[in-house]
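1. compute the structure for the input listed below.
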Amino acid sequence: MGKGKRGDGLAICGAACICCCTVVIVLSLLGLGIAKTAMGVIHLYDCPLQDKVPIWLIVSGIAPIFFGGSASKQDENGEESPSTVRCVCGIIALIFNLAWLICGSLWVYPTYGTVNKDDFVACIGNATTSCSQDCYMPTLTFAFAMVTLDWIFFVLWFIIIMCSIQASCCRSRGGARYA
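-> Sure thing, here's the model as predicted:
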């Protein structure tokens, strides 16, 4: 009496683990967005070698929050309600984020490589000949790490979407799976 099925506890534990992991991931991504924006704003004029690096940090920190409303929402029955406007906004967000990530790669990676060359001489103090404009290294290193991390997240997200599409196609074919 009162006993559930044998695997109910495991299912509840798995669901709780997924919820906790989701919350941690969302909070971490939100924190990274805030950190990107803060670093970009604080050091907006500290990278004359490539002045677009702080701007990339600011926009890449704000864009996911701005486009976050394009996620699917549930109606009063708990069913996901697909909306054409939401789908279009999601596609625009995807294209914008990919384009902005490519721009960040084109601005951050070459600048990071230039500053880390052995023959790089920064224009500091009275040195004005045979030198290059510098970039505040903590900001540039942070931007380098964020571009790399964004590419990793983008590839993982793309793989998850492709697997979801494949699973959806398999379900629509009656569950038949082809290897």
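
2. how near is the most centrally placed residue in the chain to Ile102?
-> Of all residues in the chain, the one closest to the mean position by Cα atoms, centre = their mean is Asp150, 4.4 Å from it. In this view, Asp150 and Ile102 are 10 Å apart by Cβ to Cβ, to the nearest Å. (Each C-beta comes from the backbone N, C-alpha and C, glycine too.)

3. and Cys163, by the same measure?
-> 24 Å.

4. same check on Ser164?
-> Ser164 sits 24 Å away from Ile102, going by Cβ to Cβ.

5. now the strands for this structure?
-> Taking DSSP state E, the strands of the chain run over residues 73-74, 80-81.

6. need the pLDDT of Phe158.
-> The predicted structure scores Phe158 at 84 on the pLDDT scale.

7. scratch that, Ile165
-> For Ile165, the model assigns a pLDDT of 81.

8. coming back round to it: between Asp150 and Ile102, which contacts overlap?
-> Applying Cβ atoms under 8 Å, 6 or more residues apart in numbering, one finds that no residue jointly contacts Asp150 and Ile102.

9. tally of neighbours for the closest residue in space to Thr141 that isn't next to it in sequence?
-> Closest residue to Thr141 apart from its sequence neighbours, by Cβ to Cβ, 6 or more residues apart in numbering: Tyr112 at 7.5 Å. Using other Cβ atoms under 10 Å, Tyr112 has 19 neighbouring residues.
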